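K.L.:
Fold the stuff below for me.
(one chain, ligands or ions: 1)
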Amino acid sequence: MDKIVIQGGHPLKGEVNISGAKNAALPILVSALLTGGWNTYTNVPDLQDIESIKLLLAHLGARVESDGHTVRIDAGGLCEPEAPYDLVRKMRASVLVLGPLVARLKKARVSLPGGCAIGARPINLHLKGLSLMGADIDIRHGYVEAEAPRLKGAEIYLDVASVTGTENLMMAAVLAEGETVLRNAAREPEVVALADVLSRMGADIHGAGSSVMRIRGVPSLKPVSAPIVPDRIEAGTFMVAAALTGGDVTVCGCVPGHLGAVIDKLRLSGAELAIRGSTIRVTRSAPIQSVDIKTLPYPGFPTDMQAQFMVLMAVAGGLSIISETIFENRFIHVSELRRMGADITVSGNAAMVKGTPFLSGAPVMASDLRASACLVLAGLIARGKTEVNRVYHLDRGYEAMEEKFARLGAVIERRPV
Ligand code: EPZ
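P.N.:
Numbering: from 1, shown residues only. Below is the predicted model:
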């Protein structure tokens, strides 16, 4: 168990390279289950969640090899239809194996992922879609048991534009008989990235990135070599850190087109952003302005950037209303920010953030991935020392975050507890 210790007050300066996107890498690595032969994925981020999914894929019978940021997977020997509780509980995105297992092995037994700190996070829509495609679904002893001699294309309306729900059903549909239509499909760049990889494997997919996707089943797929797209949330996190510290940071190797809402809100808050190709240079000399945000499905403001942006608003010059519309309990970081002097009042799914002149360093506790990032950001500007405990949350989704911040001039280090 480690902690991260930060001495605040140092503006960030320099360049930071963005890693591959966790939330693209997870479904793309799982998509290897849909075929035999070696798939090669590059620019895979070095994260705890990636290690977890590799363990699960190996448990199912796939051969998994890693070399730095390259991962190779051959699921020709896929034989085990069960994803056990002790693997799934570590990382709820494991539920993504459900669709591919039913598509390849005609059955699956996957532990229900259960809730997490930010919400109940049911998978009813994943199951609704599989059932409409002809799978028999049972819930027994905390496991989903799904079985289908052959999945058939279906018309599926997603009551919520679920990201992994869309991904799971896309992977179930690519080998199904006939056409599947996903209505109210998620439009996130990570969904598009998965669709691109599946298409390169031979899948017949139209409409990725729009709310209506059409997937026509094919008899089989072939292995592929593909890079993982850059992580827009990591990029956004460093952009907010640059604005927060009044520094001058160039985020390199990102996709500005994936960050429209974040760019808009940062500019409104007083930061200057210069976009050139795959780089975004962020500076801020003017006082931080309070802006309101509302988290929405893509291309709206991402819920995964809500906690980070709240830190910027905590030291802005007025009152900001932050509405969280995606998850029911994603303000856990508020109590920790309050301990650092932030003036935040939560009412339902809205947080009223009244800017204060400064935050004070304190020992704080991370509760989930993006909350831990928010506490690191708060430590970068707080007066004095901040200790962020339980940084295993951070290691799930950020590759070497403290090293990247240290290279930008932050006084930050990881220490064993
Ligand atoms: C993905 O989670 C991301 N994770 C999350 O990132 C991200 O916050 C979320 O999408 C929203 O953008 C991965 O891609 C691995 P959802 P996911 O299904 O797919 C409800 C991070 O920090 N819902 O789009 O689990 C659900 O309760 C993580 O990297 C149902 O009701 O999110 C939530 O309120 C955190 N029934 C809303 O939809 C379902 O069957 C959006 O959830 C599925 C979802």
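K.L.:
Would you mind listing what in the stretch 101-250 of the chain touches the ligand?
P.N.:
Taking CB under 6 Å from any ligand atom as the test, the list of the stretch 101-250 of the chain residues beside the ligand reads 119, 121-126, 160, 162-165, 190. C-beta: built from backbone N, CA, C; applies to glycine.
K.L.:
could those go into CSV alongside neighbour count?
P.N.:
Converted to CSV, these look like this (neighbours: other CB atoms under 10 Å):
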residue, neighbour count
G119, 13
R121, 17
P122, 15
I123, 19
N124, 11
L125, 21
H126, 26
V160, 13
S162, 23
V163, 21
T164, 25
G165, 28
E190, 27
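K.L.:
got JSON lines for those, with pLDDT and secondary structure too?
P.N.:
Compiled in JSON lines, these are given as follows (pLDDT from 0 to 100; DSSP: H, G, I helix; E, B strand; the rest coil):
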{"residue": "G119", "pLDDT": "86", "secondary structure": "strand"}
{"residue": "R121", "pLDDT": "84", "secondary structure": "coil"}
{"residue": "P122", "pLDDT": "89", "secondary structure": "coil"}
{"residue": "I123", "pLDDT": "94", "secondary structure": "coil"}
{"residue": "N124", "pLDDT": "96", "secondary structure": "helix"}
{"residue": "L125", "pLDDT": "97", "secondary structure": "helix"}
{"residue": "H126", "pLDDT": "97", "secondary structure": "helix"}
{"residue": "V160", "pLDDT": "97", "secondary structure": "coil"}
{"residue": "S162", "pLDDT": "98", "secondary structure": "coil"}
{"residue": "V163", "pLDDT": "98", "secondary structure": "helix"}
{"residue": "T164", "pLDDT": "98", "secondary structure": "helix"}
{"residue": "G165", "pLDDT": "98", "secondary structure": "helix"}
{"residue": "E190", "pLDDT": "98", "secondary structure": "helix"}
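K.L.:
Show me which pair in those residues is furthest apart.
P.N.:
The distance between the two most remote of those (CB to CB) is 21.1 Å, for N124 and E190.
K.L.:
Please, where are all the helices along the stretch 1-150 of the chain?
P.N.:
22-30, 48-59, 85-88, 98-105, 124-132 (DSSP state H, counting those that start in this stretch).
K.L.:
Establish whether the shortest one and the ligand are in contact.
P.N.:
No. Helix 85-88 stays out of contact with the ligand when judged by CB under 6 Å from any ligand atom, the minimum separation being 12.9 Å.
K.L.:
Restrict that helix to CA atoms and write it as PDB.
P.N.:
Presented in PDB, the C-alpha positions along helix 85-88 are these (Å, rounded to 0.1, in the frame of the first residue of the first chain):
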ATOM      1  CA  TYR A  85     -15.900 -13.700  -8.700                       C
ATOM      2  CA  ASP A  86     -12.300 -13.200  -7.400                       C
ATOM      3  CA  LEU A  87     -11.300 -11.900 -10.800                       C
ATOM      4  CA  VAL A  88     -14.400  -9.900 -11.700                       C
END
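K.L.:
Thank you, goodbye.
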